[in-house]
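Enquirer: based on what follows, work out the 3D shape:
(3 chains)
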Amino acid sequence: MLTKASRTTFLVPLRDGVLAGLVALVLAFPIVGLPTSETAHGLVLRPRIPEAIAFAVAVFLGRFALGVAEAGKPRPILLIALLVAIAAPFASAAPEFGAALAIGGLFVALRSALLAFPGVAGRISGGIRVPPVAIKRAPLVLLLLLVVLPLTPVIDRRLLDIAVLVLTYVMLGWGLNITVGLAGLLDLGYVAFFAIGAYAYALLSLTAGLSFWGALPIAGLCAAAAGLIVGGPILRLRGDYFAIVTLGFGEIVRLVAINWSSLTGGSQGIAQIPRISFFGLADFTATPDPGRRAFHELFGISFDPAHRQIFIFYVILALALAVNAFIARSRKLPLGRAWEALREDEIAAQSLGLNLQRIRLSAYAIAAAWGGFAGAFFAVRQGFISPESFSFLESAVILAIVVLGGVGSQLGVVLAAIVMIGVPELVRQLAEYRMLAFGVAMVAIMVWRPSGLISRREPSIRLGDAT
Amino acid sequence: MQVPPPMAYFLQQLINGLVLGSIYGLIAIGYTMVYGIVGMINFAHGEIYMLGAFLALIAFVALSAIGLSSVPITLVIVLVVSVTFTAAWGWTVERVAYRPLRNSPRLAPLISAIGVSIFLQNFVQLTQGARSKAIQPFLRGGVTLYGGGDGAFAVTVSWLQIFIVVFTTVLMIGFTLLIARTSLGRAQRACSQDLKMASLLGIDVDKTISTTFVIGAALAAVAGMLVTLYYGVIDFFIGFLAGIKAFTAAVLGGIGSLPGAMLGGLLIGLIEAFWSGYAAAEYKDVAVYGILVLVLTVRPQGLLGRPAIEKV
Amino acid sequence: MSGDKLLSVEHLTMQFGGLKAVNDVSFAASASAITAIIGPNGAGKTTVFNCLTGFYHPTHGRIALKSQHGTIELQNLRKHQVSARAKVARTFQNIRLFAGMTVLENLIVAQHNRLQRASLFSFAGLFGLPAYRKAEKDAVERARFWLDRVGLTSWADAQAGSLPYGQQRKLEIIRALCTEPVLLCLDEPAAGLNGSETAELARFLRELRDEHGLAILLIEHDMGMVMGISDHIVVLDYGRKIADAAPAVIKEDPAVIRAYLGEPEAA
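Expert: Numbers count the residues shown, from 1 in each chain, chains lettered A, B, ... in the order given. Below you'll find the predicted structure:
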């Protein structure tokens, strides 16, 4: 005979676990267990039934363990889950399976740890509370680290490349945060402005011979103009309609880039885009063209191909910081407050005399301009662009960074960009699973914290400040 | 009987458009039902359709591996397999990714749905491979309406095209009756008016919403199966574009309206076919996005929808 | 009643599909006076407000507001212009605050248009020019004045959404006042308030009328308060005006009694 207590502790989770396992089996059996494979005679099945069953068993174990932990026995579960997570990668023959078990084990361990130590859980679910001093100092420390980063010996070309990539996404994330975080508009086509900036620079430099520094403002203006033209009619739309229409706009830009081959080179893209110069004064090359100076000559140092890369790093750092400074400043301006007010309640805001259309348009166009700057930078750094780089997935990645970091939070964007862009680049083996994890993370974070990881908002003005 | 070539060309585009439109209509129903009841854009619905296509493909390959050659039996088994498993995915997605967010800020479920969409695409890519999958043509032959002798343009309707149009028509009629006559339909209409009130009146809201997702997924699975048959080639990425087009269809018809979804699907199919036939085929997707923007800005309630009154 | 009519509503009709929510309603409101609009639920009171403040565009009728620059026809204005041009402010039946922003920020947003002009559409502000700093200081002072007035000063830096219900009502009213309106439209400001809060609100509205010369248009169900502070009452029923007079007269009006209590049983 089972006691009532053990019934709720074990039987109910067992039932839930079996149900979840069965559902997982149904879901996984054909898709995971029966992959099709191309042969000379057409498609054939290459069954992988054990994997599908293993998947279902893992789901069963996970759900059961979670159930037991939730029913009041979190500590033993925590211990077992940790053991599984540590042992799995060594004990399992198939590496994917080991990795899956380890991740599942860690997840269960994390959840039961939160249940076992409710004090910690409460603190975390109340938002990641960092002492105010740390919040104030963190950006400064981070900034100093970044400024000296290229000069430190630990950095090599690959790391610097990753850092530039992460910073590009930080800049895009901050730019998009103007629309999504401040103005509360879900823009699913931000990559369009990135693309417009990139093509603007590529075409201006190749046809009109403009330098990066000359073309940069024009690229931003082009993107902003596109934002104004598109934004005009669509900004009245309700939130989710607006989101879908922006997605459509992003796709239109990509399709035009593919099909207008005479201008954009079609899906081949544009290659040999002129490289960046040192503010137009000197080129990063061992042998400058006649009439031009080389960077190393200008400073009387020996030539090093890393110079250009280090310069590129500082350019994107400066661009990203410019966005950040702009946001910090505009939050304290009437315009920035109006963005936030419209996000909070557009009806009340309009009743106070705020022109919804014009204010939203400004947010959309300004964010577009920053996207355009980032695009021009992307083009000059890569030296090659093609429509492939500007798919909806890019928009989704930028949005994911903003959302995961905590909508409206500047620091959150940095953290999310490091985790989502930097880590997969560092650990190449995971790259294949990166987008899978992206998707899971977007769902999990929305379910866990619908307002993002860091959802702390600093008032733009305090009553004491003004006096 | 002889028709002038321009007329024949027109007819051929019309047939193509009708076939395409029936498929979009099936997917659009899933968008419109879910939007009608929970007020969210189920962004992952296109991926559910893609899963349906893959499940149909797997069933086909499995059946041909065991040497089944009877066309009707194959069709029935493939249909049942694809619909059942896809419906299970639809149910699970709602359960895991949307239900916990029912009372969250409006955009949270949309972001979650985008997450599901990214997950499903990559899941299928990882498990089934990134290359596109082709099957042998299944239902061959057709009727030539106007003979194409002496070099004239021939208008042909394949058996498959006839099957698709007839089957979707029957399905949609059945489905309309289901919604109009049964208690499920009543529960759905109650939920679309007011979730809280519906639950106070004894309607199992969770169950109604689950059923809605399951039905939507089942119809998307049918669409996926038909596309697998029709084009014979699928890949893990087909859900995105089809999803957008079906959503456009739902918006065009008036989101929340079932006849609207069907009408919208047909219109989008026809527009796409005629645009490809008479204008620039490479811009056919741009045309669809253009229509989406145009409809939403000019007539956001769609063709058959009712305008919303702003509540202050 | 004084003769200068600040606001005159003439033959206002608002039709939704086949339903006339407001049907040929005319009334007037004066400066330095409180005009109440009362009536049973669904009588069309809030619809009148929505027509006045640009949220609905009436099917027929004219809404004229006197201003320094001549008469403004409110029915032609868009939502934001009603506050920006005609200086008509409003509150909402179910409070609409910027819940995630602080109390002070709510009040600063209400002064948006003035601050935008002072900051040259935020450009001057971007570079911290003194003109903008002065304007912002003035805005904070105006906010502080109203905060002091209703006793919300200690809440100034709190999140608006975290305030107790009664304080949220007050905040919504002073936020409307920060736009410096000539006409203030209050949609059930006493709903959900307790007895002493209602009395405090009534006192505050009287002060606004007497000290600031404000015209107040008031939708309210609390008859004690309405009878106590109104100079003039308009009664609506099923979208039509059934009475329009001073409180003492309204109390005795048979049509009003019928609307509220139903037809007396046949004798």
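Enquirer: check whether stretch A:324-342 comes near chain B.
Expert: No: for stretch A:324-342 and chain B, the contact criterion (C-beta under 8 Å from any C-beta of the partner chain) is not met; the two come no nearer than 14.4 Å. C-beta: built from backbone N, CA, C; applies to glycine.
Enquirer: low-confidence ranges, chain B, go.
Expert: Where chain B drops to pLDDT under 70, the residues are B:1-4, B:146-153, B:307-312.
Enquirer: would you mark the buried spots in the longest helix along it?
Expert: Criterion DSSP state H: the longest helix present in chain B is helix B:5-38. Of the residues in helix B:5-38, B:8, B:10-13, B:15-38 count as buried by neighbour count, 16 or more other C-beta atoms under 10 Å in any protein chain shown.
Enquirer: run the angle between the next helix or strand after that helix and helix B:5-38 for me.
Expert: As assigned by DSSP states H and E, the chain's next helix or strand after helix B:5-38 is helix B:45-65. With axes from the mean of the first three to the mean of the last three C-alpha atoms, to 10 degrees applied, the angle from helix B:45-65 to helix B:5-38 works out at 110 degrees.
Enquirer: hmm, helix B:45-65 in reach of chain A?
Expert: Yes: counting by C-beta under 8 Å from any C-beta, chain A has neighbours in helix B:45-65: B:Leu51, B:Phe54, B:Leu55, B:Leu57, B:Ile58, B:Ala59, B:Val61, B:Ala62, B:Ala65.
Enquirer: next up, the contacts around the last one.
Expert: B:Ala65 makes contact with A:Val44, A:Leu45, according to C-beta atoms under 8 Å, 6 or more residues apart in numbering or on different chains.
Enquirer: quick one: it from A:Asp240, how far?
Expert: Taking C-beta to C-beta, to the nearest Å as the measure, B:Ala65 and A:Asp240 are separated by 44 Å.
Enquirer: now swap in the first one and tell me
Expert: From B:Leu51 over to A:Asp240 the distance is 23 Å, taken as C-beta to C-beta.
Enquirer: which of the two has more neighbours?
Expert: Higher neighbour count among B:Leu51 and A:Asp240: B:Leu51, with 30 against 20, using other C-beta atoms under 10 Å in any protein chain shown.
Enquirer: residues in contact with that one?
Expert: Taking C-beta under 8 Å, 6+ apart as the test, what B:Leu51 contacts is A:Ile31, B:Phe85, B:Thr86, B:Trp89, B:Leu120, B:Val124, B:Ala221, B:Gly224, B:Gly239.
Enquirer: and for A:Ala198?
Expert: Per C-beta under 8 Å, 6+ apart, neighbours of A:Ala198: A:Ala219, A:Gly375, A:Ala376, A:Phe378, A:Ala379, A:Ile385, A:Ser389, A:Phe390.
Enquirer: of those residues, list those near chain B.
Expert: Checking the contacts of A:Ala198 against chain B (C-beta under 8 Å from any C-beta), there are no matches.
Enquirer: in CSV: the residues you listed, plus distance to chain C and secondary structure.
Expert: As requested, the contacts of A:Ala198 are arranged in CSV below (distance: C-beta to the nearest C-beta, whole Å; DSSP: H, G, I helix; E, B strand; the rest coil):
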residue, distance to chain C, secondary structure
A:Ala219, 21, helix
A:Gly375, 23, helix
A:Ala376, 22, helix
A:Phe378, 26, helix
A:Ala379, 28, helix
A:Ile385, 31, strand
A:Ser389, 32, helix
A:Phe390, 30, helix
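Enquirer: anything in the helix or strand where B:Ile271 lies near chain A?
Expert: Following DSSP H and E, one finds B:Ile271 within helix B:258-278. No: judged by C-beta under 8 Å from any C-beta, helix B:258-278 stays clear of chain A, getting no closer than 13.0 Å.
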